[in-house]
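Trainee: Give me a 3D structure for the following:
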Amino acid sequence: MSPTFRALHNRNYRLYLAGSVVSNTGTWMQRVAQDWLVLSLPGTGGTELGVTTGLQFLPVLLLSPYAGVVADRFSKRAMLQVTQMGMAFSSLLLGAIAVSGHAEVWMVYALAFIFGIASAFDAPARQSFVSEMVGPDDLTNAIGLNSASFNTARLVGPGLAGLLIGVLGGGATASGWVILLNGISYFAVIAQLRRMDARLLNTPELRGRSPGMLLDGLRYLRSQPKMLMILVLVFFAGTFGMNFQVTSALMATQVFGKGAGEFGILGSCLAVGSLAGALLAARRPRIRIRLLFVAATGFGLAEIVAGLLPSYAAFALFAPVIGFSTITLLNSSNATMQITSDPALRGRVMALYMTVVMGGTPLGSPFIGWIGEHLGARWTLVIGGLLVLVGVALALVVFRVASRRAPAAGPERPMEAAVAA
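Mentor: Numbering: from 1, shown residues only. Below is the predicted model:
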């Protein structure tokens with residue numbers, strides 16, 4: 001089997017990946033449809049769009065650390081079935097309200113928040129479940145394939161959503177039908193999880209409830225210079241740079257005067273670069289710290305350049321560069337966190353990682369939306385990119401200081417051998 005796809009020899013992982021393609025496509029369709037729904041409602045603009053995105057990710061900031069404790073205590077396979085049902089419920093209800101013509105912006109806010117609660121518990125279980133399906137030898141490859149699956153869906157989903165919204169007449173009702181399709185897509189993941197052979201899973205011993213489990217995870221992270229550096233990088237990138245739902249929508253509508261179809265195409269263009277980056281990551285046998293800094297720096301610079309481009313065509317053609325640098329940073333960070341973490345603490349480690357990656361969005365999205373409304377859409381990208389570069393410099397300082405304070409490292413564990421300094 002090709003090195004790019006070697007993790008597919010595992011039946012459980014094949015089932016998981018197949019269900020994820022369907023669900024991820026629906027998720028990307030809803031992201032476009034939900035944004036378009038907000039912009040279709042009376043009296044809404046960049047601020048309301050930013051608030052919606054922020055509310056959807058706020059539970060990640062509030063709940064993910066505790067979700068990591070839950071993931072280390074219970075079966076991740078069972079937990080994922082519950083969280084997928086929660087996301088299906090919120091999507092189906094939002095879609096039904098929009099189709100019925102009764103959608104109001106406060107309803108979108110409320111259901112985005114409910115969706116975020118399910119997502120907060122889903123993320124750490126899903127991230128740490130990968131290592132149970134494939135084991136250490138194929139973990140880096142599986143993470144790359146997960147990302148390739150996600151970005152294949154990202155390539156198809158936004159364009160398909162924009163096309164369907166246009167065909168169905170645009171507006172709130174058309175957006176609602178697309179959101180309903182996403183609600184149905186979550187059942188594909190549930191079905192595949194139920195088909196898995198539990199005997200083939202590398203499940204660590206589940207821990208009973210004990211005081212201080214969350215603090216144990218925090219103390220562990222504080223002792224790991226490489227992990228601290230990654231958290232700083234992804235915080236700045238996720239908070240100020242990866243607000244594509246807001247920035248692309250504002251650039252498409254305010255700067256270039258385009259509609260739903262062109263907005264969806266921008267998401268697909270981003271996904272072209274992301275997919276290329278994910279497939280390259282799947283072939284990469286080891287990850288160097290240098291790669292993390294190069295990817296983060298490239299992402300910040302790409303955002304600045306994108307904000308200065310003169311036309312929709314130039315913006316769309318440049319979008320793959322942003323997608324490539326984004327996914328290279330995220331894949332490398334994710335793999336490093338999983339490979340180097342203690343299996344007994346992996347749920348909490350990945351929960352705290354996801355808190356930083358996604359939890360910064362409630363802080364960044366309203367800020368970026370406000371910039372777009374008061375300074376102009378181009379500044380959302382220029383200022384966001386500059387702040388990402390500030391994060392790169394700060395991460396380098398944190399890594400050097402933490403490395404000097406860390407105790408001398410013992411013998412390298414087998415899983416850590418895949419991550420080179």
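Trainee: Contacts only, for residue 279.
Mentor: By Cβ atoms under 8 Å, 6 or more residues apart in numbering, the contact list for residue 279 reads 4, 144, 148. C-beta coordinates here come from the backbone N, C-alpha and C atoms, glycine included.
Trainee: So the last one, which state does it fall into?
Mentor: In three-state terms, and counting by DSSP: H, G, I helix; E, B strand; the rest coil, residue 148 is helix.
Trainee: buried stuff in the helix or strand that contains residue 72?
Mentor: For residue 72, the element it lies in under DSSP states H and E is helix 46-73. Across helix 46-73, burial judged by 16 or more other Cβ atoms under 10 Å covers 46, 48-72.
Trainee: For it, what does the pLDDT average out to?
Mentor: The average of the pLDDT scores along helix 46-73 is 80.
Trainee: which other helices and strands contact it?
Mentor: Judged by 3 or more Cβ pairs under 8 Å, 6 or more residues apart in numbering; DSSP states H and E, the packing partners of helix 46-73 are helix 11-40, helix 105-134, helix 213-222, helix 244-250, helix 346-359, helix 361-374.
Trainee: Same list (the ones you listed) but as CSV, adding distance to residue 181, mean pLDDT and mean neighbour count.
Mentor: Output for those, formatted as CSV (distance: least, Cβ to Cβ, whole Å; pLDDT from 0 to 100; neighbours: other Cβ atoms under 10 Å):
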stretch, distance to residue 181, mean pLDDT, mean neighbour count
helix 11-40, 6, 90, 23
helix 105-134, 15, 88, 22
helix 213-222, 37, 76, 16
helix 244-250, 18, 79, 27
helix 346-359, 23, 77, 26
helix 361-374, 24, 79, 22
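Trainee: Between the ones you listed, which one is closest to residue 322.
Mentor: Nearest of those to residue 322, taken as Cβ to Cβ: helix 244-250 at 8.1 Å.
Trainee: now the helix or strand following that closest one and helix 11-40, what's the angle there?
Mentor: Using DSSP H and E, the helix or strand that follows helix 244-250 towards the C-terminus is helix 260-283. Counting by axes from the mean of the first three to the mean of the last three Cα atoms, to 10 degrees, helix 260-283 lies at 150 degrees to helix 11-40.
Trainee: got the buried residues for helix 260-283?
Mentor: 260-282.
Trainee: so residue 34 sits right up against residue 52, yeah?
Mentor: Yes: taking Cβ atoms under 8 Å as the definition, residue 34 is a contact partner of residue 52 at 6.9 Å.
Trainee: so what sits against both of these two?
Mentor: Between them, residue 34 and residue 52 share the contacting residues 108, 112, judged by Cβ under 8 Å, 6+ apart.
Trainee: got a list of what residue 257 touches?
Mentor: Counted by Cβ under 8 Å, 6+ apart, residue 257 has zero contacts.
Trainee: give me phi/psi at it?
Mentor: phi 60, psi 40 (degrees, to the nearest 10).
Trainee: Give me the neighbour count for residue 375.
Mentor: 12 (other Cβ atoms under 10 Å).
Trainee: show me the contacts for it.
Mentor: residue 383.
Trainee: Only the buried residues of the helix or strand containing residue 97, if you could.
Mentor: In this structure, residue 97 sits in helix 76-100 according to DSSP H and E. The neighbour-count check on helix 76-100 (16+ other Cβ under 10 Å) flags 76-77, 79-81, 83-84, 86-95, 97-99 as buried.
Trainee: just how off-centre is it within its chain?
Mentor: In terms of Cα atoms, centre = their mean, to the nearest Å, the centre of helix 76-100 is set 18 Å apart from its chain centre.
Trainee: Could you list every helix and strand that that helix packs against?
Mentor: Using 3+ Cβ pairs under 8 Å, 6+ apart as the contact test, the elements touching helix 76-100 are helix 11-40, helix 105-134, helix 171-195.
Trainee: how about those in JSON lines, adding distance to residue 368?
Mentor: Output for the helices and strands packed on helix 76-100, formatted as JSON lines (distance: least, Cβ to Cβ, whole Å):
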{"stretch": "helix 11-40", "distance to residue 368": "13"}
{"stretch": "helix 105-134", "distance to residue 368": "16"}
{"stretch": "helix 171-195", "distance to residue 368": "22"}
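Trainee: now for those helices, which one comes closest to residue 351?
Mentor: Of all the helices and strands packed on helix 76-100, helix 105-134 comes closest under Cβ to Cβ, at 3.6 Å.
Trainee: name the helices or strands packed onto the closest one?
Mentor: helix 11-40, helix 46-73, helix 76-100, helix 139-167, helix 312-340, helix 346-359.
Trainee: tilt between the second one and helix 346-359?
Mentor: To tie it back to what came earlier, the one meant is helix 46-73. Put simply, helix 46-73 runs at 180 degrees to helix 346-359, going by the same axes, to 10 degrees.
Trainee: Now do helix 46-73 against helix 361-374: the angle between them, please.
Mentor: 170 degrees.
Trainee: and helix 46-73, how far from the chain's centre?
Mentor: So, by Cα atoms, centre = their mean, the centroid of helix 46-73 is 12 Å from its chain's centroid.
Trainee: and what of the longest one?
Mentor: Computed by Cα atoms, centre = their mean, the separation of helix 11-40 from the middle of its chain amounts to 12 Å.
Trainee: Packing partners of it?
Mentor: Contact analysis of helix 11-40 by 3+ Cβ pairs under 8 Å, 6+ apart lists helix 46-73, helix 76-100, helix 105-134, helix 139-167, helix 171-195, helix 244-250, helix 260-283 as its packing neighbours.
Trainee: Look up the closest residue to the most centrally placed residue in the chain, ignoring the ones flanking it.
Mentor: Nearest residue to the geometric centre of the chain (Cα atoms, centre = their mean): residue 358, 6.7 Å. Closest residue in space to residue 358, ignoring its immediate chain neighbours: residue 60 at 4.3 Å, by Cβ to Cβ, 6 or more residues apart in numbering.
Trainee: didn't the one you found look like it was pressed against residue 121?
Mentor: No: with contact defined as Cβ under 8 Å, residue 60 does not reach residue 121; the gap is 9.6 Å.
Trainee: Now do the same for the residue nearest to residue 111 when sequence neighbours are not counted: its pLDDT.
Mentor: Nearest non-adjacent residue to residue 111, counting by Cβ to Cβ, 6+ apart: residue 94, 4.3 Å away. Per-residue pLDDT puts residue 94 at 95.
Trainee: Residue 113 is in contact with residue 94, correct?
Mentor: No: in this structure, residue 94 is not within contact of residue 113 by Cβ under 8 Å, at 11.2 Å.
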